[in-house]
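Can you look at this prediction? I've put the sequence above it.
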Amino acid sequence: SCASGNKEFDYDWVSQKVALERIDLFELMELTDFPLSATSCSPVNIAALIVCDEVDRLHLEDNEAIQRFSIMTLYLSMGGNAWKQQWTIEFDECTFQGITCSRDNQDVIGLVLKNNNLQGSIPDAIGKLSKLTSMDLSGNKLEGSIPKSLKTLSMLRYLNLEGNKLTGAIPAMGGLNNLVQLDLSRNMLQGRVNYMLNSFSETKSRITFISLQNN
């Protein structure tokens, strides 16, 4: 098993899936812009090892590899082995509980994992799910700050992070031009609300609902 921060994850199955001497992380590093290492047991590196193995075995295209990497990083970063509704990660992510894909089953467009015992932090890799239109991670135990990469999700319309333990500044969301509803209530966020509101007005956002109460 590998330690990630203060949490212990069971990664014994990794050794069965991945032959380290066959893995070349360089191409995935170029695709994702993430620094990766075959010797680290962090969630992002474990995800990279899995995807590198699958690129060869399943002949994944670049966009498929990036999406798979993002989903695996999310699962490992947020304590997936303790979720109430777990994923069988050997299968395609479009079959996972809480994930909705496009009609052709190519792109992840919805992520609904509310009240599912998510723990840890939201990884930067979430920003690589470029087709995402709806995300609901409410009612969990997520900590840390809201990643800046979220504002790159230009197709996102609904974002609900209510009822977690998120900290740090209320972020600017100027890149989310299509965002309609935003719920960040019941967290531990702080900072100037005007900063976020100005970022919406500057980009002529379509936002119609914002909740920041109980922060």
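It's in. Residues are numbered from 1 along each chain as shown.

Helices of this structure, start to end?
Shown for the chain, the helices assigned by DSSP state H span residues 12-17, 26-32, 43-58, 62-77, 193-202.

who does the third one touch, helix- and strand-wise?
Meaning helix 43-58. helix 12-17, helix 26-32, helix 62-77 (3 or more Cβ pairs under 8 Å, 6 or more residues apart in numbering; DSSP states H and E). Bear in mind the C-beta positions are built from the backbone N, C-alpha and C, glycine included.

list the buried ones in the last one?
Just to be clear, that refers to helix 62-77. The neighbour-count criterion (16 or more other Cβ atoms under 10 Å) identifies 64-77 as the buried residues of helix 62-77.

Can you name every helix or strand that it contacts?
Other elements packing on helix 62-77 under the criterion 3+ Cβ pairs under 8 Å, 6+ apart are helix 26-32, helix 43-58.

how distant is that helix from the center of its chain?
With Cα atoms, centre = their mean, to the nearest Å as the basis, helix 62-77 stands 8 Å off its chain's centre.

ok, of the helices and strands packed on helix 62-77, where does mean pLDDT dip lowest?
Averaging pLDDT over each of those singles out helix 26-32 as the lowest, with a mean of 59.

For the residue most central in space within the chain, give me its contacts.
Within the chain, the residue whose C-alpha comes closest to the C-alpha centroid is I126; the distance, by Cα atoms, centre = their mean, is 3.1 Å. Counting by Cβ atoms under 8 Å, 6 or more residues apart in numbering, I126 touches 70, 74, 135, 147, 149-150, 153.
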